[in-house]
Structures are given as C-alpha cells and as structure tokens.
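1. Model the following, please.
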Amino acid sequence: MDFPVVPIHKHPKYKLECCKLINDEWKRSETARMRSLDCSSDKLPTSLILLDENDRVIGHCKLSPIPSIPGSCYIESVVILKDLRGKGYGTYLMKRAEEYCKNVLKLKVIYLSTKGQEPFYTKLGYLICQPVSIYGSFISNNTINVKNENSINVNNNCNINTVNGKTYMCKYIA
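-> Numbers count the residues shown, from 1 in each chain. Coordinates of the predicted model:
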C-alpha cells in the first residue's frame, strides 16, 4: 500500500469530501466541520487525509496541540471510509501520521483517547497513560518528561486510566 497522506490545507479541494467522511462517523454541522478543517496548518492543528489511487478521500486524522506538553500532539480523530475498514488503511494512516509528526512537526510523543479501539492502538505500539487535556495539562497533577521512551508517564501503577469511558494512550516517536 502506497497511498498519499497529505495535509488538507495544502489540498483544499478535498475539504467537502473529508467533511462528509467525518460526519458519516460523528454528526456535526457542515459549517462547524468545515471551520475545523479550515484551521489545518503547517503547525498544529493539522488535518491529514488519506487518498486512494483515484484521489478519493478514504481516511482522515486530526492532530491537535497540547499546550502544556511541548513536543507532543493529541490525535483527536481517526476515521476510515466504512466500507474499507479492516483492510489495513487505519494502520497505514496512523503510521504515516506518526511519520508526519516525527519528521515534519518534529514531535516526540503522540497522545490519543479511545473507546473500544485499545487493541488496535496497542498493536501500533501505544501504551495506556494518564489522561491528558488538550486545553491545558494532565487531568491529574503529574508532569511528563519526553527525553526518552522510558520517561513517558505510562499507566503501570496509576489507578486512573479512563475518563468518561475513554482510555488514554501515548506513543514515543522520536
């Protein structure tokens, strides 16, 4: 598989198609969704799209900043066209998003939250970690040091691993 994964702000002709893909999964007004896609930039936030051989949008991934954790981002959403799920496109999109975060954005850690997709993200190397907030800090009062893989505050001895039913996960990519 060798399909392009590109930032939507450099390919705005795909915004409406991407909006439909995301709204098929998570309903929101088209206006609000388009505003969110319009915020994509060379810095964070960035919306990446996966295109197939016919230049059709088949996947989307939104990367957002975490102001209190420099060198990191939060994956707000990952979605693949419904009829293509289970065929490796999600894995492909995630790996390309990780490469983009590491090589283009120069980030060190990726965070995400999930409800029910823990096995998928674990397969990709993500570990359960303490909850983070993209609006500030960790939900707990702990801090993070991203110098090396072993310093990520992984949830080995922590009792908090879910908030509102979401499991928080992270991966060191540098």
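
2. List the contacts of the lengthiest helix in the chain.
-> In the chain, with assignment by DSSP state H, the single longest helix is helix 89-103. Helix 89-103 has contacts (Cβ atoms under 8 Å, 6 or more residues apart in numbering) with 1, 3, 5, 7, 46, 48, 50, 58-59, 61, 63, 73, 75, 78, 80-81, 107, 110, 120, 123-124, 171, 173-174. For the C-beta atoms, the positions are set from N, CA and C on the backbone; glycine is no exception.

3. Can you flag the buried ones in these?
-> 3, 5, 7, 46, 48, 50, 58-59, 61, 63, 73, 75, 78, 80-81, 107, 110, 171, 173 (16 or more other Cβ atoms under 10 Å).

4. Export the longest helix of the chain to PDB, keeping only CA atoms.
-> Only the C-alpha atoms of helix 89-103 are listed here, as PDB (Å, rounded to 0.1, in the frame of the first residue of the first chain):
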ATOM      1  CA  TYR A  89      -6.000   1.500   5.900                       C
ATOM      2  CA  GLY A  90      -6.300   2.700   9.500                       C
ATOM      3  CA  THR A  91      -2.900   1.200  10.300                       C
ATOM      4  CA  TYR A  92      -1.400   2.800   7.200                       C
ATOM      5  CA  LEU A  93      -2.900   6.200   8.100                       C
ATOM      6  CA  MET A  94      -1.600   6.000  11.700                       C
ATOM      7  CA  LYS A  95       1.900   5.100  10.600                       C
ATOM      8  CA  ARG A  96       2.000   7.900   8.100                       C
ATOM      9  CA  ALA A  97       0.600  10.300  10.700                       C
ATOM     10  CA  GLU A  98       3.400   9.200  13.100                       C
ATOM     11  CA  GLU A  99       6.000   9.800  10.400                       C
ATOM     12  CA  TYR A 100       4.500  13.300   9.700                       C
ATOM     13  CA  CYS A 101       4.600  14.100  13.400                       C
ATOM     14  CA  LYS A 102       8.200  13.000  13.800                       C
ATOM     15  CA  ASN A 103       9.700  14.200  10.500                       C
END
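
5. Buried by neighbour count: which residues of that helix qualify?
-> Those would be Y89, G90, Y92, L93, M94, R96, A97, E98, Y100, C101, for helix 89-103 by 16+ other Cβ under 10 Å.

6. Kindly calculate the angle that the helix or strand just after that helix makes with helix 89-103.
-> Downstream of helix 89-103, the next assigned helix or strand under DSSP states H and E is strand 109-114. Angle of strand 109-114 versus helix 89-103, following axes from the mean of the first three to the mean of the last three Cα atoms, to 10 degrees, is 150 degrees.
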